[in-house]
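Student: next comes the sequence, and after it the predicted model I'd like to discuss.
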Amino acid sequence: KLAQSKELQEQIRNDPSEPLQSPIIRALLCESLRVLCPVGGIGRTVAQPSLLTLSNPDNDSVISQTLISPGAQVASMMQFAAQDPSIYPQPDKFDINRHLNQTSFLPNLPHMPFGHGTHLCPGWYLYYAISALVIAHLVRNFELSTSFQGEPRTKIRFVTQITDTISIHLKKKQ
């Protein structure tokens, strides 16, 4: 996405913040994790009886309820939650602006790309630190471009895989 947008590259170059404090890099990473959620879903075994309630998002009326028994196998599908239009309007659009003023940060995003609670991935901050520093270095030292248009095709497995080959060209900044 960065290679597809000269405007976004300029925003990062012109941001006076340090990479780890940059609201633009933070928003870019949050939106990237939403669009290309790294983990498609996580399976769990139900420990106690749970009532699954499907509600109408417009008026909170109950559509259906299902009792899930202990021992049942369930899967949390982060990729589908990240595309929920009641959480993310226009979910097919890549838009970092939806994260610029939000207080949610990587481990607290509504679609839980790094898990939740005791299952929170301990590597989330390492991911953030490495990604922010690499993005800042690349954009400040190179102009990125690509001939790839649109959205990459993916395979949703335990770890999401991009199936397209995407060439990114780097041109050293003067």
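Tutor: Alright, I've got the coordinates.
Student: may I ask you to name the longest helix in this protein?
Tutor: Determined from DSSP state H, the single longest helix within the chain is helix 124-141.
Student: what residues does that helix touch?
Tutor: For helix 124-141, contacts defined as C-beta atoms under 8 Å, 6 or more residues apart in numbering pick out 2, 9, 12-13, 19-20, 22, 25-26, 28-29, 106-107, 114, 144, 170, 172-173. Where C-beta positions appear, they are placed from N, C-alpha and C, glycine not excepted.
Student: what about those residues, which are in helices?
Tutor: When the contacts of helix 124-141 are checked against helices (DSSP H), the matches are 9, 12, 13, 25, 26, 28, 29.
Student: are any of the contacts of helix 124-141 buried, and if so which?
Tutor: Neighbour counting by 16 or more other C-beta atoms under 10 Å classes 2, 9, 12, 19, 22, 25-26, 28-29, 106-107, 114, 144 among the contacts of helix 124-141 as buried.
Student: of all those, which two lie farthest apart?
Tutor: 107 and 144 (27.8 Å; C-beta to C-beta).
Student: across the sheet, point out what pairs with residue 42.
Tutor: Counting by DSSP bridges, residue 42 is bridged to residue 76.
Student: okay, buried residues for stretch 118-137 please.
Tutor: 121, 124, 127, 128, 131, 132, 135, 136.
Student: what's the distance between the second one and residue 130?
Tutor: As judged by C-beta to C-beta, to the nearest Å, residue 124 and residue 130 stand 11 Å apart.
Student: try the first one
Tutor: Summarising the geometry, the distance separating residue 121 from residue 130, computed by C-beta to C-beta, is 14 Å.
Student: who's in contact with the residue lying closest to residue 119 once chain neighbours are set aside?
Tutor: Leaving aside its sequence neighbours, residue 119 sits nearest to residue 42 (C-beta to C-beta, 6 or more residues apart in numbering; 7.4 Å). By C-beta under 8 Å, 6+ apart, the contact list for residue 42 reads 75, 76, 78, 115, 119, 158.
Student: sec struct for the spatially most central residue of the chain, please.
Tutor: The structure's the chain has its C-alpha centroid closest to residue 33; by C-alpha atoms, centre = their mean the separation is 1.7 Å. Secondary structure of residue 33, reduced to three states by DSSP: H, G, I helix; E, B strand; the rest coil: helix.
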